[in-house]
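[1] Mind looking at a prediction? Sequence and model below.
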Amino acid sequence: MDDRDRTELVRQAFLAQQQAYAPYSEFLVGAALLTEDGKIYQGCNIENAAYSPGNCAERTAFFKAVSEGRRDFTAIAIVGNKRGEAGDYCPPCGVCRQVMAEFCKADFEILLAKDMENWKSYTLEQLLPERFTL
Ligand SMILES: O=c1ccn([C@H]2C[C@H](O)[C@@H](CO)O2)c(=O)[nH]1
Ligand SMILES: [Zn+2]
């Protein structure tokens, strides 16, 4: 993946963030998940008055894609910030890392962006070494 692809994936994550439903935490997250053939699945966090039914942006994107038959993922871009505040890097939570481990190889790319110009890139191996699998 080149930097033009990364720019587009980050842009899609910011678009996804606009749909975030987070009235309780006010923390707005967007994700954009890329498949091998270039299709992008967006996801946002979706909270709930009962709290525990809430879902992260990353898993929203994964579950949308998997439920439509996709399992061939190459990269995900993630953005997040408190409503009204500047963005900072938003690393995926442990549960989302485990979901990535279910469907992705060690070199799956995880892009964390705080704005359109500043991002950091990790592999799944870096963010979840010694992964549990069956
Ligand atoms: O990587 C993360 C971390 C948190 N959240 C969501 C869950 C909750 O709605 C809010 C605050 O934790 O942010 C995500 O979507 N992804
Ligand atoms: Zn998560």
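    Right, received. Where do you want to start? Residues are numbered from 1 along each chain as shown. Ligands and ions are numbered 1, 2, ... in the order given.
[2] Return the distance of the closest residue to Phe73 other than its chain neighbours relative to Lys39.
    Closest residue to Phe73 apart from its sequence neighbours, by Cβ to Cβ, 6 or more residues apart in numbering: Cys104 at 5.2 Å. Every residue, glycine included, has its C-beta placed from N, CA and C. Using Cβ to Cβ, to the nearest Å, Cys104 is found at 15 Å from Lys39.
[3] Neighbour count: those two, which is higher?
    Cys104 (25 against 12; other Cβ atoms under 10 Å).
[4] Distance of that one relative to ligand 1?
    Counting by Cβ to the nearest ligand atom, to the nearest Å, the gap from Cys104 to ligand 1 is 16 Å.
[5] ok, that residue touching Leu124?
    Yes - Cys104 is within contact range of Leu124, at 5.4 Å (criterion: Cβ atoms under 8 Å).
[6] Tell me which residues are up against the longest helix along the chain.
    The helix that spans the most residues within the chain, counting by DSSP state H, is helix 3-17. Outside helix 3-17, the residues within contact range by Cβ atoms under 8 Å, 6 or more residues apart in numbering are 28-32, 34, 40, 42-44, 57, 61, 75-80, 111, 113, 116, 119, 121.
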